[in-house]
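In: What follows is a predicted protein model with its sequence.
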Amino acid sequence: MNYKLYKKEIKLPDGRTITIETGKLAKQADGSAVIQMGNAMLLATVVSSKTKSPVDFLPLTVDYREKFAAAGKFPGGFFKREARPSTEEILTMRLVDRVLRPLFPKNYHYETQVMIQLMSHDENVMPDSLAGLAASTVIQLSDIPFEYPISEVRVARIDDEFVINPSRSQLEESDIDIIVGASYDSVSMVEGEFDEISEEEMTNAIKFGHEAIKDQIEAQNELVNEIGKKDTRDYDSGLENDDLLKTIHDKCYADCYEIAKKGLSKKDRSHEFSTIKEKLLDSFSEEEIDEYGILIKSYFSKVEKDAVRELVLSEGIRLDGRKTDDIRPIWCEINYLPSTHGSSIFTRGETQALATVTLGTSRDANIIDSPSNQGEENFYLHYNFPPFSTGEARPLRGTSRREVGHGNLAQRALKKVFPSNCPYTVRVVAEVLESNGSSSMATVCSGTMALMDAGVKISKPVSGIAMGLISDGKRYSVLSDILGDEDYLGDMDFKVTGTPDGITACQMDIKIKGLSYEILEKALKQAKEGRLSILKEMINTIDKPADSVKEHSPKMVKVEIDGAFIGAVIGPGGKVIQEMQKETGTTIVIEEENEKGIIEILGTDQNMIDSVIQKIEDITFKPEVGSIYNVKVVKILDFGAVVEFRPGKEVLLHVSEIDWKRVEKVGDYLKIGDKIDVKYIGIDPRTRKQKVSRKVLIEKPEKK
């Protein structure tokens with residue numbers, strides 16, 4: 001054995017354990033570790049280049065992948081191998097990245113890659129709740145500069161008891177699903193969904209998760225101390241020039257402060273700041289620009305940021321002239337797009353989202369097929385953020401991680417009010433047309449109204465708001481409905497969604513150390529006031545779901561049949577069902593469930609839907625013994641008449657069952673096309689054929 005294994009165990013409040021070990025696998029990485037809980041095992045590694053990147057930021061990549069072999073499965077698709085990351089994998093990458101990124105030194109510009117791989121799956125363990133612990137552990141084991149260890153846990157609440165890192169089955173019983181990321185001293189990231197809980201309940205869940213995180217950080221420290229902490233590597237931190245910073249501050253701070261105080265629009269404000277920046281650059285010689293150009297621009301941004309922040313802290317005035325708790329002007333419109341099944345526009349200040357709703361069958365459900373999760377979603381939301389929304393021109397290169405994350409947040413916010421008995425598969429698409437602050441919350445608002453416009457019976461409308469924070473360690477201001485610049489310049493981005501009765505989803509990223517629960521509680525209270533104010537504007541536009549779907553929208557009818565008739569409805573080679581769809585212009589989907597056939601009929605013409613229902617009833621018709629049916633005579637024979645219950649459902653009315661008198665000639669009593677009543681007797685034990693009788697419905701003559 002040419003390795004030495006180091007191992008630490010972490011006990012969860014309910015007695016389960018997590019182990020972290022290093023020294024056995026992937027030893028050429030700068031740091032590597034295996035995190036295990038039950039049979040779930042994550043292999044995490046980190047590598048950071050020794051060569052400085054030319055870019056002026058940290059080129060950090062967090063990659064999370066689930067291997068299908070981990071769950072004993074084969075990948076889908078033609079190539080039968082793992083390819084592009086799934087939505088679930090991307091969301092996990094974002095959860096980890098958002099906690100790690102702020103803790104690298106601002107001047108550390110070296111290509112860094114954190115890779116986390118699910119190598120063994122346990123159906124009772126959700127691996128994404130272990131990814132933050134895995135990432136932090138490998139960084140602590142390396143010589144890469146990093147401020148302090150962190151970890152992440154999932155918190156659920158089942159029967160009023162909080163649970164750390166629940167199983168997926170436990171999560172289905174929970175009214176809280178929240179991921180908390182934190183250091184030992186303070187919370188830095190929160191994301192989750194809730195069944196309309198209160199602000200106090202959410203705070204308690206975060207506190208509970210934070211206590212569990214402290215145990216995981218202690219285990220990381222113990223592991224590192226046992227091995228021996230590596231010295232942090234030397235790196236090129238770039239130029240620093242305090243005299244230059246003071247010069248730029250003296251030249252630009254007052255002007256930046258005055259521009260920030262004017263309350264200009266995003267475009268005008270950007271133009272005026274750019275003018276000050278150009279004047280600053282013109283004040284330096286070509287030689288100075290060549291030597292300090294990047295540093296001058298960086299210091300100008302710092303001075304601009306300081307001026308904006310001081311304006312908020314000292315005067316309570318924001319970049320667009322609002323007070324800290326003011327909401328930007330809002331206007332809304334529904335039914336804007338004539339051909340969609342539902343649509344709405346939500347505009348708040350310089351942020352605008354256009355949402356559409358499409359109604360479909362179960363075939364349109366979103367299929368989830370990953371090693372750790374399989375299933376279907378009959379409600380899902382997609383978010384698109386085109387470059388023109390921020391006045392930019394750049395190539396489109398597929399869906400970004402940001403778009404996936406923002407769409408997921410809005411979906412989680414709305415799915416809590418989505419009706420469980422909705423017969424449709426529902427897809428919401430949000431197109432961000434303008435963006436200056438929290439387009440994801442605009443998506444929640446526009447999505448809510450579009451669903452109501454489409455006639456989807458959501459239980460309550462949902463609104464959302466993005467909160468910000470400016471703090472210098474002594475003073476602080478919580479900002480409602482933040483601008484894009486306030487997100488960039490501020491210390492917190494806290495998005496909260498909910499109904500009048502409680503919170504349905506949240507996402508929080510904190511950029512400063514030691515955020516107190518006092519500030520968090522103030523932010524939540526201010527957020528509630530803000531989102532209820534926004535909700536009021538939405539309700540003025542549409543206050544409840546439309547009574548029915550639009551005339552051009554598909555109507556959905558579900559029919560249940562005996563499973564024995566599924567084949568007959570489909571027909572040989574699908575002939576019967578294909579002909580029905582072609583003749584009626586409907587979409588018909590059949591699923592087998594508990595020995596029953598569930599048939600979905602989707603169409604815009606109710607008469608055509610009724611026609612399909614009638615055809616299905618004809619195919620699946622099964623007479624009941626003792627019941628009386630009005631039948632049609634379709635054929636006259638010497639020994640009786642063939643009568644028809646429904647098209648294709650025929651039975652012989654024997655000559656002996658036509659009348660009490662002896663019938664010599666059937667044609668004397670019945671003719672083709674006659675409608676008569678017969679009673680269904682059942683299966684004749686002698687002939688083993690169905691038997692009906694007309695004579696039993698006629699009064700039997702008395703014997704003379």
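Out: Received, thanks. Computed from a prediction, not measured in an experiment: that's the story for all the values here.

In: Helices of this structure, start to end?
Out: 87-100, 131-140, 168-171, 199-227, 242-261, 266-282, 286-315, 401-415, 439-454, 484-489, 517-541, 566-570, 575-584, 606-619 (DSSP state H).

In: Relative to Glu591, which of those is closest?
Out: helix 566-570 (9.3 Å; Cβ to Cβ). Just so you know, the C-beta spots here come from the backbone N, C-alpha and C atoms, and that holds for glycine as well.

In: Report the rounded mean pLDDT for that closest one.
Out: Mean per-residue pLDDT for helix 566-570: 90.

In: With stretch 581-596 instead?
Out: pLDDT averaged over stretch 581-596 gives 90.

In: May I have that stretch as PDB, with CA atoms only?
Out: Listed next in PDB are the C-alpha coordinates belonging to stretch 581-596 (Å, rounded to 0.1, in the frame of the first residue of the first chain):
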ATOM      1  CA  GLN A 581     -56.900  11.900 -34.300                       C
ATOM      2  CA  LYS A 582     -56.900  12.500 -38.000                       C
ATOM      3  CA  GLU A 583     -60.700  12.800 -38.200                       C
ATOM      4  CA  THR A 584     -61.100  15.000 -35.200                       C
ATOM      5  CA  GLY A 585     -57.900  17.100 -35.100                       C
ATOM      6  CA  THR A 586     -57.300  16.100 -31.500                       C
ATOM      7  CA  THR A 587     -54.300  14.600 -29.700                       C
ATOM      8  CA  ILE A 588     -55.000  11.400 -27.800                       C
ATOM      9  CA  VAL A 589     -52.600   9.900 -25.300                       C
ATOM     10  CA  ILE A 590     -53.200   6.600 -23.500                       C
ATOM     11  CA  GLU A 591     -51.400   5.400 -20.400                       C
ATOM     12  CA  GLU A 592     -51.900   2.300 -18.400                       C
ATOM     13  CA  GLU A 593     -52.300   2.700 -14.600                       C
ATOM     14  CA  ASN A 594     -53.500   0.100 -12.100                       C
ATOM     15  CA  GLU A 595     -55.100  -2.100 -14.700                       C
ATOM     16  CA  LYS A 596     -57.000   0.900 -16.000                       C
END
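
In: So for that stretch, what gets flagged as buried?
Out: Within stretch 581-596, the residues scored as buried using 16 or more other Cβ atoms under 10 Å are Gln581, Thr584, Thr586, Thr587, Ile588, Val589, Ile590.

In: who's in contact with the third one?
Out: Which is Thr586. Met580, Ile601, Leu602, Gly603, Met608, Ile609, Val612 (Cβ atoms under 8 Å, 6 or more residues apart in numbering).

In: The first one touches Val612, doesn't it?
Out: Yes: with contact defined as Cβ atoms under 8 Å, Met580 counts as touching Val612 (5.6 Å).

In: Which of those two has more residues huddled nearby?
Out: More crowded of Met580 and Val612, by other Cβ atoms under 10 Å: Val612, with 24 against 20.

In: Surely that one touches Glu579?
Out: No: assessed by Cβ under 8 Å, Val612 is found out of contact with Glu579, at 10.8 Å.

In: How about the residue nearest the centre of the chain: what's its closest non-neighbour residue?
Out: What sits nearest the mean C-alpha location of the chain, by Cα atoms, centre = their mean, is Asn408, with 2.8 Å. Spatial nearest neighbour of Asn408, excluding adjacent residues (Cβ to Cβ, 6 or more residues apart in numbering): Leu91 at 5.7 Å.

In: likewise Glu226?
Out: Nearest to Glu226 is Tyr6, by Cβ to Cβ, 6+ apart, at 5.8 Å.

In: Bridged to the one you found, which residues?
Out: When assigned by DSSP bridges, Tyr6 has beta-bridge partners Thr22.

In: Mind putting the contacts of Thr586 into CSV with distance to Glu521?
Out: Supplementary listing: the contacts of Thr586 in CSV, determined by distance: Cβ to Cβ, whole Å:
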residue, distance to Glu521
Met580, 60
Ile601, 51
Leu602, 48
Gly603, 52
Met608, 57
Ile609, 53
Val612, 56
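
In: which among those gets closest to Asn165?
Out: Distances from Asn165 to those, taken by Cβ to Cβ, are shortest for Leu602, at 40.8 Å.

In: Was I right to think that closest one contacts Lys555?
Out: Yes: counting by Cβ under 8 Å, Leu602 touches Lys555, with 7.3 Å between them.

In: closest one to Val153 among the helices of the chain?
Out: Among the helices of the chain, helix 199-227 sits nearest to Val153 (Cβ to Cβ), with 4.9 Å.

In: Centre of the chain to that closest one, how far?
Out: On the basis of Cα atoms, centre = their mean, to the nearest Å, helix 199-227 sits 26 Å off its chain's mean C-alpha point.
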